[in-house]
Structures are given as structure tokens and as C-alpha cells.
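Participant: sequence plus the predicted model coming up.
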Amino acid sequence: MIYLVATHSMLVELHGGMITLAALCIIATVLARSQLKAKSDNESDGISWSKDSLMGRIGRYTEPTAYVAAIGGVIGLIASAIVGFFVWPMDLLTTSAMSMSKVAFSIFAMVLLIEFVLVRFKYGESVWKNGATTAVFACLGLVGFLFIVLAGSFGGHMALKGSVLDPLFALLNINPLTFGVTGSNFAVLLIGVICVEIAVPIIVLMLLRRRAS
């Protein structure tokens, strides 16, 4: 069991670091893309990262890094979830509102990050061509990162370590020990949010790319 706990902790740190790196690279790429478009009169000119400007050089490296880091984060997240089911007692995972909140936020993050990877795989760097498309694509990665942060904070409480978000929870009058839902309400919430996460970004991206073509 001690090896499973150590493996789970290692995988949590791995996917947390990779997804954090992806989020930072997404932000840097958005800034580089904004500077590039500020110098262009046509929004549909495409992406050609400048080799001369600082932001252009940053964009050339942060864009693919975000993609690769997101792939690593998804793999680490899935692996840590599998190991976690062997580490934590099943009755805790299925009856505690706090643990079910962690599970839900982890799944929400996983869905968004998988979408991020698949969209980048399908469209390549051209996903950055249009401002609206860029916003939707970037939000997939950044909101996925935020869900990972929330999942990690609840995981910290499950491990009796607390969380850096505790001051924010206190400000919002949220008790991590009782936050969330259990039973059939959990399944309804989980399925509903996943359906929205899958359908809305895909529909919006398809409409935006059809309009731009």
C-alpha cells in the first residue's frame, strides 16, 4: 500500500506540474498572438511567429510546449486517478461530499484538457488564426487548469494537509469538508456538466471556423 501511496503522490505532482506548465504557455502564447495580430490589419492573415520580436520567439516555443504539456498532464491525470482508486477506500470516495467534489473536478478538468489536445491535434497552429477561436481554445486549457487546482485543494484536505485556497474558501464561506453533493445528485451533476463541456466548445469552434472559411 505504501508504494501505491507514493506512486499516487508522484503522479499527482507530475500531472499538476505539466498542466500548470501548459496553462502558463497558453497565457504566453495568447500574449504573443495578440502582439502579432496588433501588427496585422487582417485577422485572418494566419499565424507566423516572428523570429525578430521577443514575443514572436516566445510564441514559437510556448505554443507547442502547451500542447505537449497538456498531453503529459492528461496521461498523468488518468494514471493518478486509476492509482487513487486503489489508495483511497471506496466507501470514502462514494459517500464523502469532499472526495466526490475532488473526483468531479478531476473529471471536469480531464474532459476539457482532452478536448484541448484533440482540437490542437486536428487543427494544428491554425487554431490561433482567429481571435474568437483563440479565446475558446485557450479557455479549454485554462479552465481545465482551474479545475485541477480545485481538485488538488480538496485532495489536500483529504490528505489532512489543508490547501493554499483555504483563505479563499473562508472568504466565500465554503467548507471543503461538506462542499458538493452525493448520491444520485452527483451523477446528474457530473453528466450534465460533462455534456456542456463537450457540446458547447465543439459547437462554438465549428461555427467560428465555418464563418472564417
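Facilitator: Looks like it arrived, so ask away.

Participant: least confident secondary structure element in this structure?
Facilitator: Across the helices and strands of the chain, mean pLDDT, DSSP states H and E gives its lowest value to helix 90-95, namely a mean of 73.

Participant: all helices of the chain, in order?
Facilitator: Applying DSSP state H to the chain gives helices spanning 2-38, 54-87, 90-95, 97-123, 131-158, 166-171, 184-212.

Participant: what's around Val188, how many residues?
Facilitator: 11 (other CB atoms under 10 Å). (Glycine included, C-beta is placed from N, CA and C.)

Participant: same thing with Met206?
Facilitator: For Met206, using other CB under 10 Å, the count is 10.

Participant: check the one 5 residues further on too.
Facilitator: Other residues within reach of Arg211 by the criterion other CB under 10 Å amount to 10.

Participant: show the pLDDT at it.
Facilitator: The model reports Arg211 with a pLDDT of 81.

Participant: any chance of the helices of the chain in CSV, plus distance to Leu177?
Facilitator: Converted to CSV, the helices of the chain look like this (distance: least, CB to CB, whole Å):
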stretch, distance to Leu177
helix 2-38, 20
helix 54-87, 19
helix 90-95, 12
helix 97-123, 5
helix 131-158, 7
helix 166-171, 10
helix 184-212, 16
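
Participant: and these: which comes nearest Thr178?
Facilitator: helix 97-123 (5.6 Å; CB to CB).

Participant: list the buried residues in the least confident helix or strand of the chain.
Facilitator: Going by neighbour count (16 or more other CB atoms under 10 Å), the buried part of helix 90-95 is Leu93.

Participant: ditto for stretch 78-94
Facilitator: Buried, per 16+ other CB under 10 Å, within stretch 78-94: Ala79, Ser80, Ala81, Val83, Gly84, Trp88, Leu93.

Participant: what's around Leu54, how many residues?
Facilitator: Leu54 has 10 neighbours, counted by other CB under 10 Å.

Participant: ditto for Gly76
Facilitator: Gly76: 20 neighbours (other CB under 10 Å).

Participant: just give me the lowest mean pLDDT stretch among the helices of the chain.
Facilitator: Among the helices of the chain, helix 90-95 scores lowest, at a mean of 73.

Participant: send me it as PDB with only the CA atoms.
Facilitator: Taking C-alpha atoms only, helix 90-95 is exported to PDB below (Å, rounded to 0.1, in the frame of the first residue of the first chain):
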ATOM      1  CA  MET A  90     -14.200   3.100  -1.900                       C
ATOM      2  CA  ASP A  91     -16.700   3.900   0.800                       C
ATOM      3  CA  LEU A  92     -14.900   7.300   1.300                       C
ATOM      4  CA  LEU A  93     -14.900   8.000  -2.400                       C
ATOM      5  CA  THR A  94     -18.600   7.300  -2.800                       C
ATOM      6  CA  THR A  95     -20.100   8.800   0.400                       C
END
